[in-house]
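Peer 1: just the structure for this:
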Amino acid sequence: MDTLPDMDGDHRLLLSALSPLLNCRNYQVVLAVVSLFFYVAPASEAQRAGRAMVRILRSPPEVQFLVLGAIVTMASKRPSMFAQYV
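Peer 2: Alright, predicted model coming up:
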């Protein structure tokens, strides 16, 4: 993350502290962290969040429904998050 010198230290700390949660098994935690990344992370960091969303698509159908809805919403505003998975 040292390649982002214009980012505030607290902002950088928040993103680095939450990054491990993108690998959590609980889809609710992943959705919450991805939502935060969607709103506050720069584009380079947001792509990692997109990968976590694609990973949790291997869940039960009701979870897939929620995740796909979130992906559609996020991809409409930030398509770069999911461009590599299309």
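
Peer 1: where do the helices of this structure begin and end?
Peer 2: 9-18, 27-40, 43-55, 61-77 (DSSP state H).

Peer 1: so for Asn26, what pLDDT did the model give?
Peer 2: For Asn26, the pLDDT comes out at 94.

Peer 1: ditto for Gln47
Peer 2: On pLDDT, Gln47 comes in at 86.

Peer 1: got a list of what it touches?
Peer 2: Contacts for Gln47 (CB atoms under 8 Å, 6 or more residues apart in numbering) come out as Ser80, Met81, Gln84. C-beta here means a position set from N, CA and C on the backbone, and glycine is covered the same way.

Peer 1: can you check Leu22 too?
Peer 2: Here Leu22 is in contact with Val30, Val33, Val34, Phe37, Arg48, Ala49, Arg51, Ala52 (CB under 8 Å, 6+ apart).

Peer 1: just the buried subset of the residues you listed, please.
Peer 2: Taking 16 or more other CB atoms under 10 Å as the criterion, what is buried in the contacts of Leu22 is Val30, Val33, Val34, Phe37, Ala49, Ala52.

Peer 1: any idea how far Arg58 is from the first one?
Peer 2: Summarising the geometry, the distance separating Val30 from Arg58, computed by CB to CB, to the nearest Å, is 12 Å.

Peer 1: which residues touch the most centrally placed residue in the chain?
Peer 2: Geometric centre of the chain, nearest residue: Ala49, 2.3 Å, by CA atoms, centre = their mean. Ala49 makes contacts with Leu22, Val33, Val34, Phe37, Phe38, Ala41, Met81, as judged by CB under 8 Å, 6+ apart.

Peer 1: low pLDDT regions in this protein?
Peer 2: Applying pLDDT under 70 to the chain flags the ranges 1-5.

Peer 1: picking that back up, who wins on neighbours among the contacts of Gln47?
Peer 2: Counting neighbours by other CB atoms under 10 Å, Met81 leads the contacts of Gln47 with 24 neighbours.

Peer 1: which residue, other than its chain neighbours, is closest to it?
Peer 2: Leaving out its chain neighbours, the residue that sits closest to Met81 by CB to CB, 6 or more residues apart in numbering is Gly50, at 3.6 Å.
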